[in-house]
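Visitor: coords below, sequence missing:
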């Protein structure tokens, strides 16, 4: 078996690696946040994994008895070893997938197969896990004869090659012992608890600083549940499938580690996230379909003039960065740059949050032996935080960057998110790009329910109207209310507007209705389809207004949307077009009619252009 690069790390003991993982990401999450682990046979190890940021859950569930997916396996091993370096994506993975970077790092490290044969969204077998552990930690197996260790088990006769060798090695080490029926179940699934048990048994054996857990044999656990994995960036409530452009094995809600279950990165893109921009206005493009919509930074006024102190690292050329700009005369030695980035370490510190607080964090880069100019960018829920990128950031040991995002708090908002930071540099001599990526969980502290009971103002009268989507998450969903019902709703609720227009975006029908007139006397003039925020990144209900209009729209490296009409002051929520390919009008993802975005309201090109041309700033927008 090939020796892995981790062998040199093992000389220091796995305990050191675990401490490195802890220093990577500060998290306020604790085992007490989950209501499905009390009395669990693996409670102590689950608690360690949560405390060290290796395992996360969602919606107060850690789901310890759910089978592990390929993505979760990669995430947990990468986190446990504090690995951050990669050069290319894992075969068969979509760049927008929440696990993309973790899978790439795992493949770079050598414990995911180069051919992509381990599918990220499918449950892994126990023998695949055994091999991944042996490969990840570089255990010497040249002297292992599988039959010496596996013949004692009734179900290992069909194991072959490296799988048999890996299982035998773990048996030799005392890491796996089989169940009470003398079975290893190599072709069955492994639960999250069992995986964590093996991880910490390895650490205890290798470090020799504390005995292996004895609460249960490593391979004894409750029967694996059959529920589907919840390791997507979207929250667990995204139970219905959502159409995706291209990749159909993910939901439109993806994004924590956000779901951050072991793992996702959570999942949960927050459109109302206070992303600040680099276009001179404090606002830039959001991210859609894997890139969360941006929002204005805290303190931004409606004319785009920021009243913050400029401390955010928005462009790589300001804020608290200790070194920015292009390094002149940099000697380009591709192998040297690769070595430098591979040995560097990114450490993210998420500041503790309180009720209603923004997300604040800082990052420091350490162990940089040769200064290198990189492309640097922050990620929120696996999507690029527009305005927090720099194309020429000079990285040395001690280089820092800060992040700030204002959130819109709602009663049912997602509470689990992720924050990432990546450095990238291309070698012009080979065309290869080197990446260093780290991620930390973000746990939002919402207001108590009483806050919303007393601060939401007059209650909306439904008039037979619903704001809950219950369709099939495809473009075929196309229902509507009668004109009479619509006018009764807006007039009966007494909505007013500073202009002669009123907009009502209904989340149940996925349509925006345009009215003209005045308070109590509105008439419906046009109805158009929209695509609202997907589960976990839903568009908040409420009454707001059009804050600004941007004809050029937003452009990222992945798409363009235009024009844009913002609403909800101080955020990045907006009406905008479907996704075009960057700097073009060729449609990349033209779907509307169901919840698909990260909070904004997508519209067909002709519809958003009509809205932009006819509806002025300060027009009231009702979202219900």
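Guide: Received the coordinates, thanks. Values in this document were obtained by computation on a predicted structure and should not be read as measured data. Numbers count the residues shown, from 1 in each chain.
Visitor: tell me the secondary structure for residue 199?
Guide: helix (DSSP: H, G, I helix; E, B strand; the rest coil).
Visitor: separation between the spatially closest residue to it that is not a sequence neighbour and residue 152?
Guide: With sequence-adjacent residues excluded and distances taken as C-beta to C-beta, 6 or more residues apart in numbering, residue 199 is closest to residue 80, at 5.9 Å. The way it works is simple: take the backbone N, C-alpha and C, and place the C-beta from them, glycine included. According to C-beta to C-beta, to the nearest Å, residue 80 stands 29 Å off from residue 152.
Visitor: of the two, who's got more company?
Guide: Neighbour totals were compared for residue 80 and residue 152, and residue 80 leads with 26 against 12 (other C-beta atoms under 10 Å).
Visitor: in what helix or strand does the more buried one lie?
Guide: Using DSSP states H and E, residue 80 maps to helix 70-81.
Visitor: Wasn't residue 378 part of a strand?
Guide: Yes: according to three-state DSSP, residue 378 belongs to a strand.
Visitor: Can you verify my assumption that it contacts residue 405?
Guide: No: contact criterion C-beta atoms under 8 Å: residue 378 and residue 405 do not qualify, at 9.2 Å.
Visitor: What confidence value was assigned to the residue nearest to residue 199?
Guide: The score at residue 80 is 93. That number is its pLDDT.
Visitor: what do you get for residue 23?
Guide: At residue 23, pLDDT is 38.
Visitor: Could I get the buried residue list for stretch 596-611?
Guide: 596-605, 607-608, 611 (16 or more other C-beta atoms under 10 Å).
Visitor: Which ones among the residues you listed lie within strands?
Guide: 601, 602, 603 (DSSP state E).
Visitor: bridging residues for the first one?
Guide: For residue 601, the beta-bridge partners under DSSP bridges are residue 575.
Visitor: Distance of it relative to residue 408?
Guide: 15 Å.
Visitor: Repeat that for the last one.
Guide: When C-beta to C-beta is applied, the distance between residue 603 and residue 408 equals 21 Å.
Visitor: Next: the second one.
Guide: In this structure, residue 602 lies at 19 Å from residue 408, with C-beta to C-beta as the measure.
Visitor: Now residue 145: closest residue in space that isn't a chain neighbour?
Guide: Using C-beta to C-beta, 6+ apart, the closest residue to residue 145 is residue 168 (7.4 Å).
Visitor: so the one you found sits in a helix?
Guide: Yes: counting by three-state DSSP, residue 168 is part of a helix.
Visitor: from now on call the first residue 70
Guide: From this message on, residue numbering opens at 70, which makes the last subject residue 237.
Visitor: State the number of residues packed around it.
Guide: Around residue 237 there are 24 residues (other C-beta under 10 Å).
Visitor: What of residue 484?
Guide: Counted with other C-beta under 10 Å, residue 484 comes out at 17.
Visitor: How about it: what's its closest non-neighbour residue?
Guide: residue 513 (4.6 Å).
Visitor: In this structure that neighbour contacts residue 487, no?
Guide: No: here residue 513 does not reach residue 487: they are 11.6 Å apart, not a contact under C-beta under 8 Å.
Visitor: and those two? which has more neighbours close in?
Guide: Using other C-beta under 10 Å, the more surrounded residue of residue 513 and residue 487 is residue 487, with 32 against 20.
Visitor: mind listing what's buried in the helix or strand harbouring residue 553?
Guide: In this assignment (DSSP H and E), residue 553 forms part of helix 552-561. For helix 552-561, burial by neighbour count (16+ other C-beta under 10 Å) applies to 555, 556, 557, 558, 559, 560.
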